[in-house]
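>>> for reference, the sequence and a predicted model appear below.
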Protein chains: 2
Amino acid sequence: MKLAAAEASTGVRKRHGGPFGAVIVRSGRVAARAHNAVIKTCDPTAHAEITAIRKASAKLKTFDLSGAELYTTCEPCPMCLAAILWARIGRVYFGCTRRDAEKIGFRDNLFYEKMRVRIRPGGIRLIPLGRRECLKVFREWADTLDKVRY
Amino acid sequence: MKLAAAEASTGVRKRHGGPFGAVIVRSGRVAARAHNAVIKTCDPTAHAEITAIRKASAKLKTFDLSGAELYTTCEPCPMCLAAILWARIGRVYFGCTRRDAEKIGFRDNLFYEKMRVRIRPGGIRLIPLGRRECLKVFREWADTLDKVRY
């Protein structure tokens, strides 16, 4: 999660996008790390989790990431959550919550409300981890004056 | 929608992925067209809609596709639906339904059930269009013997 938070911080400092980072681990090794790059790439789907999944899939040459674990600095939005399902990743550690993200101006929680997303037991395991560390990067974003909102 | 169906059919024939195609129109012009390429690219996020959004955003140099319309041969899965929300696309025409997709082996409907996705009125407008045309490509997929399932 420290690696994910470092990625998020890099993304904020480089003005690539929102304060979000993700790391995918498989067989005890980092398969991919990524940060949000919506602003840099002009790509609304370039969330940290989506980008990490794309990188890990490309590296491991498979669309099936069964057995991998994903560490993300914030509870995944519904897009990323469904991408995690498609990739067959069963375990997700997350730092900040969707409500933390809402407080700094992101629409994740709105989409959860709009889409009425609920994960039934037996689906993905979502495990809180390191929220304090990840909130630091949220504050970094909040304190950035020349940011582009999306 | 005919263009989207043609894309889907191309994807099936080239063995790029499932029988799904999408077209994004803005200001009366085609901004992007794409087909599912999960198999070809080993990327579980390479759905037709996600790829079309990425292409249109890159072409128009913006992550904000407000005012654009998306034509897709099948009701978008929750990942694509949330991507459409992030991209601010307000109107979506779809051919086949998630249940049609389930019948040929795709998990879209399962994910809708698992995530309990509901779109509240006032969100994206989802408009059925050309299901018969799109079902033809589903049959093409069903009749393909050497396909990779995902």
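That came through fine.

>>> how about the contacts made by the closest residue to A:Arg26 other than its chain neighbours?
Nearest non-adjacent residue to A:Arg26, counting by Cβ to Cβ, 6 or more residues apart in numbering or on different chains: A:Ala68, 4.1 Å away. (Each C-beta comes from the backbone N, C-alpha and C, glycine too.) The neighbours of A:Ala68, taking Cβ atoms under 8 Å, 6 or more residues apart in numbering or on different chains as the test, are A:24-26, A:31, A:56, A:87, A:89.

>>> wait, A:Ala34 touches A:Thr51, no?
Yes: between A:Ala34 and A:Thr51 a contact is recorded at 3.8 Å, counting by Cβ atoms under 8 Å.

>>> A:Ala32: what secondary structure?
Under DSSP: H, G, I helix; E, B strand; the rest coil, A:Ala32 falls in the strand class.

>>> so who does it touch?
A:23-24, A:52-53, A:55-56, A:59.

>>> show me which of those residues are buried.
The neighbour count (16 or more other Cβ atoms under 10 Å in any protein chain shown) marks A:23-24, A:52-53, A:55-56 as buried among the contacts of A:Ala32.

>>> the closest residue to A:Ser66 other than its chain neighbours sits in which helix or strand?
In space, and not counting its chain neighbours, A:Ser66 is closest to A:Arg88: 4.4 Å by Cβ to Cβ, 6+ apart. For A:Arg88, there is no host helix or strand (DSSP states H and E).

>>> what's the answer for the one 4 residues further on, then?
Secondary-structure element containing A:Val92, defined by DSSP H and E: strand A:91-96.

>>> can you name the next helix or strand after that strand?
helix A:98-103.

>>> which residues are in contact with the least confident helix or strand in chain A by mean pLDDT?
Between all helices and strands in chain A, the lowest mean by mean pLDDT, DSSP states H and E belongs to helix A:108-115, at a mean of 88. Applying Cβ under 8 Å, 6+ apart, the contact partners of helix A:108-115 are A:74-75, A:77-79, A:98-99, A:101-102, A:117, B:78, B:81-82, B:85-86, B:115, B:117-120, B:123.

>>> ok, which stretches of chain A are strands?
Under the criterion DSSP state E, chain A contains strands at A:21-26, A:29-35, A:69-74, A:91-96, A:125-128.

>>> which one of the ones you listed lies nearest to A:Lys14?
The closest of those to A:Lys14 is strand A:29-35. By Cβ to Cβ, the value is 8.4 Å.

>>> the closest one pairs with which strands?
Using DSSP bridges, strand A:29-35 pairs in its sheet with strand A:21-26 (antiparallel).

>>> could you tell me the angle between the partner strand and strand A:91-96?
160 degrees (axes from the mean of the first three to the mean of the last three Cα atoms, to 10 degrees).

>>> now strand A:21-26 against strand A:69-74, angle please.
Using the same axes, to 10 degrees: strand A:21-26 against strand A:69-74 is 170 degrees.

>>> mean confidence for strand A:21-26?
Strand A:21-26 carries an average pLDDT of 98.

>>> and for stretch A:140-150?
91.

>>> next, the distance between the ends of it.
Length of stretch A:140-150, first residue to last, Cα to Cα, to the nearest Å: 17 Å.

>>> buried set for that stretch?
Using 16+ other Cβ under 10 Å as the test for burial, stretch A:140-150 gives A:141, A:147, A:150.

>>> one more: stretch A:66-85?
A:68-85.

>>> could you do stretch A:91-111 as well?
Of the residues in stretch A:91-111, A:92-98, A:100-101, A:104, A:106-109, A:111 count as buried by neighbour count, 16+ other Cβ under 10 Å.
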